[in-house]
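S.K.: Sequence and predicted model, in that order:
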Amino acid sequence: MRTLTLLRHAKSGWDDPVARDFDRALNDRGMRAARRVGRYMRDAGLAFDHVVSSPAVRCVDTLDGLWEGYGRTLHPVWDRRIYLASGATLLDVVHEAPEGAHRILMCGHNPGLEDLVLALVADEAGEPLRADIEEKFPTSSVAELRFAADRWADVIANSGHLERFVRPRDLDASLGPDDS
């Protein structure tokens, strides 16, 4: 059994001008959401034996906030391929994960994360959370997928089961979308 947990980076700030998109940091609400999601992961007993992330500043900041809420720091492998990657590229990263790792956390960006979930989880009645992801995979959201695969290289389209999909607003209404 393999478990892949996908975390979209927290809400970043557009008000602070930066020369490159890669360098955009989180805004205050994004940092609050990252900490809250970390507490949720801790309380839900989510554990990881491998963490891989985009090295974009907003992913680094998201994981920093997540660790605060989670109560411990895990040390990610920074993989530049995850930055603004397609679902297919993200699947390549999954296929290359260490075989000794059975529970992976990947922090990245949309639309790649959403596309990866939609490719890995079959569109059928037994997957009601899939429709929520198809509608929107908001910032700081967590999707947990399980696979009956012996190796990460065996993870293929429609082979996953979506165990959970949690948005920050599910944990704290103040972290939901603006009403404006």
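M.R.: Everything's here; your move. Since the structure is predicted, the reported quantities are computational estimates derived from the model, not experimental observations. Numbering: from 1, shown residues only.

S.K.: quick one: low-confidence ranges for the protein?
M.R.: 16, 125-126, 178-180 (pLDDT under 70).

S.K.: Tell me which stretches of it form strands.
M.R.: 2-8, 50-53, 77-78, 103-108, 142-147, 160-166 (DSSP state E).

S.K.: From the contact counts, what lies against the fourth one?
M.R.: Right, the one you point to is strand 103-108. strand 2-8, strand 50-53, helix 57-70, helix 87-95 (3 or more C-beta pairs under 8 Å, 6 or more residues apart in numbering; DSSP states H and E). C-beta here means a position set from N, CA and C on the backbone, and glycine is covered the same way.

S.K.: Would you check the distance separating the third one from the middle of the chain?
M.R.: This means helix 57-70. The chain centroid and the centroid of helix 57-70 are separated by 12 Å under C-alpha atoms, centre = their mean, to the nearest Å.

S.K.: What angle do strand 103-108 and that helix make with each other?
M.R.: 140 degrees (axes from the mean of the first three to the mean of the last three C-alpha atoms, to 10 degrees).

S.K.: So L84 sits against L113, correct?
M.R.: No. At 10.8 Å, L84 does not count as touching L113 under the criterion of C-beta atoms under 8 Å.

S.K.: Which one's more surrounded, the two?
M.R.: For L84 versus L113, the count of surrounding residues by other C-beta atoms under 10 Å is larger for L113: 24 against 15.

S.K.: so who does that one touch?
M.R.: 6, 8, 87, 90, 106, 137, 143 (C-beta atoms under 8 Å, 6 or more residues apart in numbering).
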